[in-house]
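Peer 1: Provided below are the primary sequence and the corresponding predicted coordinates.
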Amino acid sequence: MAKDAPLGEWVSPITSKLIVSKVTRLGSASLAQDGSVCWMEMRPTEAGRSVMVQRLASDGKVQDVTPPVDTGFNVRSRVHEYGGGEHLVAANGKVYFSNFQDQVVYFQDLQPGSKPTALTMADSKLRFANYALDATRNRLIAVCEDHLQDHREAINTIAAIDLNSGAVTHLATGHDFFSFPVLSLDGSKLAYVAWDHPNMPWDDTCLFLADLDTDGRVKGEPRCVAGGKDTSVQQPLWGPDGQLYYVSDKTGWWNLYKLEQSGESTAVMPMAAEFGSPPWLFGMHSYEVLAGGAAVLAVLDDPKVAGSGLGLINIASNTLQRLDTGYTSFGKLAVSGRGVQEEGGELTLVTTAGSANKPSAVVQLKVSSIQQLASSKPSDWQVLKSSSDLDLDAGYLSEPQSIEFPTEGGLTAYMNYYPPRNKDHKFPAGEKPALLVKIHGGPTSAASTVLNLSYQFWTSRGYAIADVNYGGSTGFGREYRNRLRGNWGVVDVNDCCQAARYLADQGLVDGKRLCIDGGSAGGYTTLACLAFRDVFNAGASHYGVADAELLALHTHKFESRYLDLLIGPYPAAKELYHKRSPIYSINTIKAPTAIFQGDEDKVVPAEQAVLMWKALKAKGLPTTLMMYKGEQHGFRKAEHIRSALEGELYFYGRVLSFNAEYSHELQPMQIDNLPAPTHAAQPTTSVAT
């Protein structure tokens, strides 16, 4: 029976140590020619390195493809700094990948104990991602980012890498950015997406089609066949029918299209739902063309339904059937047997998937026909590798509730609300839970509904969480996404404050214990809420933006003009940049603020965190700066993930006067402008952390 306990006295089995030791980030599932399944693992216990893993088709044995940690190999690209598309499991039995430390492209056999061999030159200052194999011409096609000269902006192209010599030839140039290079089945055409400053890949982009000669050189001028002004195009794919498919939001929603022989495009399944998501990373692949072009399997986000689903589209009847999978979040799709239509063949689908009560996992579905795919059940899916082997009692897990709430201007916004849950504890009569408003990064992104043990760390200790999809978030169409145009620091701030007020007004949370946190762009909105509104009692910025002008001046190429559309063209709108920057509104911040930052961050440079911390400290507010050595944009090392999680809770405990503890073996934490804690409240090790 649950016992009465105030905030700070709820003991939880979900500890920070357990989270980093028992949780592995999984992604980029793919199928090898021999039927084995490969995927990527980000391992906090190995200093956050990314490793390729293979599950053999012969006996189901799981083994690392990437050599051991002491070899220094880390499968990760730095193109656009965010990377993605860092490897290719090729039909020739090899894997090609970018190595993080030197950004050299390596190849190795997809066999136990094989050693990587360098393909591109060391110290070339060329970075690569988003690989495609051109087997006929014995080359890789990839996005290339040229950092040869430090004094100028990096140059992006579509390039070919010769598999014998490693020589690099540029195929497509003349735009600021490129992505999604895909080769037609006969090798005669190359499709790719390109865009230019100040656009991001979800703004104005073009799908180009280039003809190739027998040697693989581009013939004539590539032509834009889709996209353009006020249209975002992504994920071109050559179907088994030889047709070019793609995703476009020309109607206001990222829907699927097929390019006909006439040059006209036909909508595959027009509907008010999203079949794509913002391409922050390379390597996105959210649909597959099946049955020789008769069907499409796709991940879709329906704004009326929490989370994502899998839909099977019958092209002839123009109908969509939602598959019963038991999952609400899906990663990249990989399929073999795309031509299977009737019984007698085999279609294999692998992806990463999760839900509110299932951790993310590499999963596999095998069926013998499209009809069997349509009638598949959750029990038909096989878990190949779970991101967590924890067997937690459901009594400690909070499941999100989708809430649409009123916000400024007579509009509505959305949040996923997680009530506190711990089978051993409940609040005494009259006490309501504290609230932690979570703000996703981006800001062009969305809150996920997949089981997140870092969230459960809070909810199992008596906190409620509001994960806000403020105006500007994705999954709700282009109009909703564009609410943030020119209004970053306004619309997002309004929506996050209104979410907290709504929950307090509904009696779900304690209106005097409202906290807020976010990372990257979410860190900016956190600081902006604290600077421009008087709603929250404490907050924490994780590698967040404090000075929008500094971000515009010093961030990397990919986001260097992002703020032109979110705030205004720089330097013409310099005054507005200052007005929207929390660093210039320190005098209006009343709430204690914690800052967590990596010292090697190239996206939001560490100087922003230092400036903000110094200003808060000089004002006399309780504050702390936790600077993590060797971390970049987002924390990957186990000890720093633990420190940021425990440190934020400990900070709130100190400033809101409830018991919270911080493990002594972690990086020391000092809270400025706050009296030293009593002996009982000293940072320590506890089951509650």
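Peer 2: The structure has been received and is ready for your questions. Residues are numbered from 1 along each chain as shown.

Peer 1: Tell me the confidence at the residue nearest to residue 116 when sequence neighbours are not counted?
Peer 2: In space, and not counting its chain neighbours, residue 116 is closest to residue 106: 3.9 Å by Cβ to Cβ, 6 or more residues apart in numbering. From N, CA and C alone the C-beta is placed, and that goes for glycine too. Note for residue 106: predicted pLDDT of 98.

Peer 1: Which strand residues bridge residue 106?
Peer 2: residue 97, residue 118 (DSSP bridges).

Peer 1: check contacts around it.
Peer 2: Taking Cβ atoms under 8 Å, 6 or more residues apart in numbering, we find residue 106 in contact with 73, 96, 97, 98, 99, 116, 117, 118, 119.

Peer 1: from memory the fifth one sits against residue 77, does it?
Peer 2: No - with contact defined as Cβ atoms under 8 Å, residue 99 does not count as touching residue 77 (9.1 Å).

Peer 1: quick revisit: between the contacts of residue 106, which is closest to residue 244?
Peer 2: Of all these, residue 96 has the smallest distance to residue 244: 23.9 Å, by Cβ to Cβ.

Peer 1: Please name the residues that touch the closest one.
Peer 2: Here residue 96 is in contact with 87, 88, 90, 105, 106, 107, 119, 131, 133, 140 (criterion: Cβ under 8 Å, 6+ apart).

Peer 1: who's more crowded, residue 99 and residue 77?
Peer 2: residue 77 (30 against 20; other Cβ atoms under 10 Å).

Peer 1: Find me the pLDDT at the more buried one, would you?
Peer 2: pLDDT, residue 77: 97.

Peer 1: correct me, but it touches residue 142?
Peer 2: No - using Cβ under 8 Å, residue 77 is not in contact with residue 142; the gap is 9.4 Å.

Peer 1: so what sits against both of these two?
Peer 2: What both residue 77 and residue 142 touch, as defined by Cβ under 8 Å, 6+ apart, is the set 128, 129.

Peer 1: Identify the residues contacting residue 117.
Peer 2: 106, 107, 108.

Peer 1: What's the separation between it and residue 104?
Peer 2: The gap separating residue 117 from residue 104 is 10 Å, by Cβ to Cβ, to the nearest Å.

Peer 1: How about residue 281?
Peer 2: In terms of Cβ to Cβ, residue 281 sits 20 Å off from residue 104.

Peer 1: what's the neighbour count on residue 184?
Peer 2: Residue 184, neighbours per other Cβ under 10 Å, totals 16.

Peer 1: residues in contact with it?
Peer 2: So residue 184 contacts 190, 191, 238, 242, 244 (Cβ under 8 Å, 6+ apart).

Peer 1: Who wins on neighbours among these?
Peer 2: residue 190 (25 neighbours).

Peer 1: Please report how far the closest residue to it other than its chain neighbours lies from residue 240.
Peer 2: Sequence neighbours aside, residue 210 is the residue nearest to residue 190 in space, at 4.7 Å (criterion: Cβ to Cβ, 6+ apart). Look at residue 210 and residue 240: by Cβ to Cβ, they are 22 Å apart.

Peer 1: Could you check which of the two is surrounded by more residues?
Peer 2: Neighbour count, other Cβ under 10 Å: between residue 210 and residue 240, residue 210 has more, with 20 against 15.

Peer 1: Figure out the helix or strand that residue 649 lives in.
Peer 2: Per DSSP states H and E, residue 649 falls inside helix 638-656.

Peer 1: Format the CA atom coordinates belonging to that helix as PDB.
Peer 2: Provided in PDB are the C-alpha atoms of helix 638-656 (Å, rounded to 0.1, in the frame of the first residue of the first chain):
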ATOM      1  CA  ALA A 638      27.700   8.300 -18.400                       C
ATOM      2  CA  GLU A 639      29.100  10.400 -15.600                       C
ATOM      3  CA  HIS A 640      27.900  13.600 -17.200                       C
ATOM      4  CA  ILE A 641      24.400  12.200 -18.000                       C
ATOM      5  CA  ARG A 642      24.200  11.200 -14.300                       C
ATOM      6  CA  SER A 643      25.500  14.600 -13.100                       C
ATOM      7  CA  ALA A 644      23.100  16.600 -15.200                       C
ATOM      8  CA  LEU A 645      20.100  14.500 -14.100                       C
ATOM      9  CA  GLU A 646      20.900  14.400 -10.400                       C
ATOM     10  CA  GLY A 647      22.300  17.900 -10.400                       C
ATOM     11  CA  GLU A 648      19.100  19.400 -11.700                       C
ATOM     12  CA  LEU A 649      17.000  17.600  -9.000                       C
ATOM     13  CA  TYR A 650      19.400  18.600  -6.300                       C
ATOM     14  CA  PHE A 651      19.300  22.200  -7.400                       C
ATOM     15  CA  TYR A 652      15.500  22.300  -7.300                       C
ATOM     16  CA  GLY A 653      15.600  20.600  -3.900                       C
ATOM     17  CA  ARG A 654      17.900  23.300  -2.500                       C
ATOM     18  CA  VAL A 655      16.000  26.300  -3.900                       C
ATOM     19  CA  LEU A 656      12.500  24.900  -3.400                       C
END
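
Peer 1: mind checking how far it is from the chain centre?
Peer 2: 23 Å (Cα atoms, centre = their mean, to the nearest Å).

Peer 1: Return the list of helices and strands in contact with that helix.
Peer 2: Under the contact criterion of 3 or more Cβ pairs under 8 Å, 6 or more residues apart in numbering; DSSP states H and E, helix 638-656 touches helix 16-22, helix 453-459, strand 514-519, strand 538-542, strand 593-598, strand 623-628.

Peer 1: elements contacting the first one?
Peer 2: Contact partners of helix 16-22 among helices and strands, from 3+ Cβ pairs under 8 Å, 6+ apart: helix 453-459, helix 638-656.

Peer 1: quick one: buried residues of that helix?
Peer 2: Neighbour-count burial for helix 16-22 flags 16, 17, 18, 19, 20, 22 (criterion: 16 or more other Cβ atoms under 10 Å).

Peer 1: What of the fourth one?
Peer 2: By neighbour count, with 16+ other Cβ under 10 Å as the criterion, the buried positions of strand 538-542 are 538, 539, 540, 541, 542.

Peer 1: Specify the beta-bridge partners of the first one.
Peer 2: For residue 538, the beta-bridge assignment (DSSP bridges) gives partners residue 515.

Peer 1: residues in contact with it?
Peer 2: 515, 516, 591, 592, 593, 594, 651, 652, 655, 656.

Peer 1: Next one: it, what pLDDT does it get?
Peer 2: Reported pLDDT for residue 538: 98.

Peer 1: And the fourth one, by the same measure?
Peer 2: Residue 541 is assigned a pLDDT of 97 by the prediction.

Peer 1: hang on, it packs against residue 518?
Peer 2: Yes - Residue 541 lies in contact with residue 518 (Cβ under 8 Å); the separation is 7.1 Å.

Peer 1: Now do the shared contacts for these two.
Peer 2: 524, 526.

Peer 1: and the gap between residue 545 and residue 437?
Peer 2: Residue 545 is 17 Å from residue 437, by Cβ to Cβ.

Peer 1: And the two? Which one has more around it.
Peer 2: Per other Cβ under 10 Å, whichever of residue 545 and residue 437 has more neighbours is residue 545, with 33 against 28.

Peer 1: wouldn't that one be in contact with residue 526 here?
Peer 2: No - distance between residue 545 and residue 526: 9.8 Å, which falls outside the contact criterion (Cβ under 8 Å).

Peer 1: Now do the same contact list for the nearest residue to residue 619 once chain neighbours are set aside.
Peer 2: Leaving aside its sequence neighbours, residue 619 sits nearest to residue 586 (Cβ to Cβ, 6+ apart; 5.6 Å). Neighbour list for residue 586: 531, 615, 616, 619 [criterion: Cβ under 8 Å, 6+ apart].
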